[in-house]
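[1] sequence? don't have it. structure:
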């Protein structure tokens, strides 16, 4: 393998530069956004997208589009839990940002879904990666698109 | 469900505004605070509360009050691990802050408890939510109250 | 136990002070660094160390030294996964920083390794603590040394 013999170069910073303030606002945005989702506040979750936002929550499915479309998709998706007293929590880690040429921000984030049923122990699955495109406008951060990939599919 | 037909409105920011500096100091506060707790440094953990701070670590139990009271409660609680070589780590995620009218800050945070015994694999349970009220004074951030809810009780 | 009777003192801040900007850049550094590692970009991972950086990924093994040495060590270590379609993700939590007298920054971080195989469920083990020494130079943050301890060894 050539990787063993080529010396590592490091003439560029190891981390893409983004403003401190932006990085922190993205973290806080995710915190509220995902607590909205996990508490079934689908309107509030959808409102974190741009008007024309796209949300593909599972690989291979058609993305939901626009805020009403995202709400509809979430209501539909959660029907599988009707009568199943389940609580789900989406954990995020390692928010890696990269500024795009058009001013938007690409965000790549680890995610784990924690599922709990009454009296049970948490199941932690699946492991995913969140691929977001964020825009930072006058009303703050919004998601232009979100696409989820699953680690166990490869 | 009306949520499928009501269009989402988004006239307000999706995320409550808090100063960047405050958000970061809360993150760092939690990092040191929980490492104190998990390493059995109960005095240091108690010192992260205000003098009259309240800590309810489990639903349904009477909260511990004042720093000495919190230390006593922790010593008492950890007697269950006497002779049991256990290491526990409290993980936090999605720190959602909201400024209160009195100047304090409400903080709602996901938590998972990781428990490890020698040679064993980590058990990850329970899944909790941390409900904190923080104050930011001349000595930095302190907890006015902490209340924990458990996800498997519902 | 004397801890039950000694009142907690809190004349010092509960959290070591570090600049907000530094704390955020460390978070972002880790996000990209660990995504490099988990995607097998060993050159990029090694480039997050100083030229003379040291990396001890497991207790009791000799640390790898210099960037080419770190790449070699990672290539060697990952041979155990040859023919094993495994995906690993290193989660971090509770980044606790402390400025050292020489200007470097000590960083103590919780870590969990998430391992996924096709069609399987994530295994979450081991639970570790990352002990880093960071330097903040003209090219941004770099790791001077990283040492990992494992929670199930004690």
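    Nice, thanks for sending it over. Everything quoted here is computed from the prediction, not taken from an experiment. Residues are numbered from 1 along each chain as shown, chains lettered A, B, ... in the order given.
[2] so residue A:32, which of the three states?
    Recorded secondary structure, residue A:32: helix (DSSP: H, G, I helix; E, B strand; the rest coil).
[3] OK, contacts around it?
    A:48, B:14-16, B:96 (Cβ atoms under 8 Å, 6 or more residues apart in numbering or on different chains). The way it works is simple: take the backbone N, C-alpha and C, and place the C-beta from them, glycine included.
[4] Which among the residues you listed count as buried?
    Buried by 16 or more other Cβ atoms under 10 Å in any protein chain shown: A:48, B:14-15, B:96, out of these.
[5] From chain C, how far off is the residue positioned nearest the centre of chain A?
    Residue closest to the average C-alpha location in chain A (Cα atoms, centre = their mean): residue A:130, at 4.2 Å. Note on residue A:130: its distance to chain C, by Cβ to the nearest Cβ, to the nearest Å, is 12 Å.
[6] Give the bridge partners for that residue, please.
    residue A:109, residue A:148 (DSSP bridges).
[7] Sticking with residue A:77, tell me its helix or strand.
    Assigned by DSSP states H and E, residue A:77 belongs to helix A:67-78.
[8] TSV for the buried ones among the contacts of residue A:32, including secondary structure and pLDDT?
    Output for those, formatted as TSV (DSSP: H, G, I helix; E, B strand; the rest coil; pLDDT from 0 to 100):
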residue	secondary structure	pLDDT
A:48	coil	98
B:14	coil	75
B:15	coil	91
B:96	strand	98
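[9] Just confirm residue A:40 contacts residue A:78, I think it does.
    Yes - judged on Cβ atoms under 8 Å, residue A:40 makes contact with residue A:78 at a distance of 7.2 Å.
[10] Okay, now the unreliable bits of chain A?
    The model of chain A has pLDDT under 70 over residues A:1-13, A:154.
[11] need the helices for it, in chain order.
    A:20-38, A:42-46, A:67-78 (DSSP state H).
[12] what sits against the closest residue to residue A:89 other than its chain neighbours?
    Leaving aside its chain neighbours, residue A:89 sits nearest to residue A:114 (4.3 Å; criterion: Cβ to Cβ, 6 or more residues apart in numbering or on different chains). Going by Cβ under 8 Å, 6+ apart, residue A:114 touches A:88-91, A:122-124, B:110, B:112, B:127, B:151.
[13] Now, of those, which are buried?
    Listed as buried from those are A:88-91, A:122-124, B:110, B:112, B:127, B:151; burial here means 16+ other Cβ under 10 Å.
[14] Tell me which two in the contacts of residue A:114 are the farthest apart.
    A:123 and B:110 (15.3 Å; Cβ to Cβ).
[15] wait, doesn't residue A:29 sit right on residue B:18?
    No - the criterion here is Cβ under 8 Å, and residue A:29 misses it with residue B:18 at 11.6 Å.
[16] For these two, indicate the residue with more neighbours.
    residue A:29 (23 against 18; other Cβ atoms under 10 Å in any protein chain shown).
[17] show me the contacts for that one.
    Taking Cβ under 8 Å, 6+ apart, we find residue A:29 in contact with A:48, A:134, A:140-141, B:14-15.
[18] tell me which of these is nearest to chain C?
    residue A:134 (14.4 Å; Cβ to the nearest Cβ).
[19] Compute the number of surrounding residues for that closest one.
    24.
[20] same deal with residue A:109?
    As a burial measure, residue A:109 scores 20 neighbours (other Cβ under 10 Å).
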